[in-house]
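**Student:** here's a sequence, model it:
(one chain, ligands or ions: 1)
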Amino acid sequence: MKKIIIANMKMNFTREKTKKYLKELLTLTKDSEHQIVVCLPFTSLSVANQMLFGKDIFIGAQNVHQEESGAYTGEVSAEMLKELDCEYVIVGHSERRQYFGEENKTINSKIKTLMKYGIKPILCIGETKQQRRAGKTQQVLSKQLETAFSGLYENELGSIVVAYEPIWAIGTGVSATSKEALEAIKYIRSVIKQNYSEEISKQINIVYGGSVKPDNAKTYLTHKQINGGLIGGASLNAKTFANIVKEA
Ligand code: PGA
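**Tutor:** Numbering: from 1, shown residues only. Presented below is the predicted three-dimensional model:
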């Protein structure tokens, strides 16, 4: 089954490093049947655009501003990303929620703006350890999901990728068990079913992220309900990332 395997480079890679990385990754994943996406820093997008033209690796960005243009010093618009052939943009990553105060409502506006430009949002949702311990995982997930999807029509959901990323698993080396990941993903599907339809709840792509490595990738990536993975730390090395892709 074709999976979506997304690399999140975060604040790593100069243009030079990006070039080397993509060259290696292109060779290593040449025969892959999966959809591979690399979410790069803004400054690396143009070099990726040159190198990946006509290739099977898709370009993603890690953020976008919700407004289409205007006096927003330091921000990047959806139109600018579209011009560089960005197919995907991550929105609502827990690091942006935590360090930059990104809220569900803003995330909803970002999703709508991306859709206007035909860019696919990768929406990250997930609970903290405390929320999980307090039995609030489902409550947190449904709130994040429902606010982010507010005002969207069913026929728009097909282009969204939802990434279930428990915050306690991001960059910690402590990944969710496949049972925990699956439970959360099934719950996310049930919320979508309740708000939209059974059909779209089955169709929508939901991936798992949080300390995915080559040695645990198989548990997530071979499951029918899990459509792929979002990989941070382990994606920074082209070989390691390609090995994760091979596990799918
Ligand atoms: P990680 O990061 O793989 O390093 O845990 C995942 C993410 O932040 O998307």
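
**Student:** dihedrals phi and psi, the residue in the chain that the ligand sits nearest to?
**Tutor:** Residue nearest to the ligand within the chain: residue 232 (2.3 Å; CB to the nearest ligand atom). Using the backbone N, CA and C atoms, a C-beta is placed for each residue, glycine as well. Note on residue 232: backbone dihedrals following degrees, to the nearest 10 are phi -90, psi -100.

**Student:** skipping adjacent residues, who's closest to it in space?
**Tutor:** Excluding the flanking residues, the one nearest residue 232 by CB to CB, 6 or more residues apart in numbering is residue 8, at 4.8 Å.

**Student:** my read: the one you found touches residue 230, true?
**Tutor:** Yes: taking contacts as CB atoms under 8 Å, residue 8 lies within contact range of residue 230: 6.0 Å.

**Student:** need the overlap of contacts for the two.
**Tutor:** By CB atoms under 8 Å, 6 or more residues apart in numbering, residue 8 and residue 230 have these common neighbours: 90, 209.

**Student:** show me the contacts for the residue of the chain closest to the ligand.
**Tutor:** Counting by CB under 8 Å, 6+ apart, residue 232 makes contact with 8, 10, 170, 171, 209.

**Student:** quick one: which of those residues is nearest to residue 30?
**Tutor:** Of all those, residue 8 has the smallest distance to residue 30: 22.2 Å, by CB to CB.

**Student:** output the contacting helices and strands for the longest helix seen in the chain.
**Tutor:** In the chain, ranked by residue count with DSSP state H as the criterion, the top helix is helix 178-195. Secondary-structure packing of helix 178-195 (3 or more CB pairs under 8 Å, 6 or more residues apart in numbering; DSSP states H and E): helix 137-148, strand 161-164, helix 198-203, strand 205-209, helix 217-221.

**Student:** quick check, central residue of this structure?
**Tutor:** By CA atoms, centre = their mean, the chain has its centre lying nearest to residue 122, at 4.0 Å.

**Student:** many thanks, have a good one.
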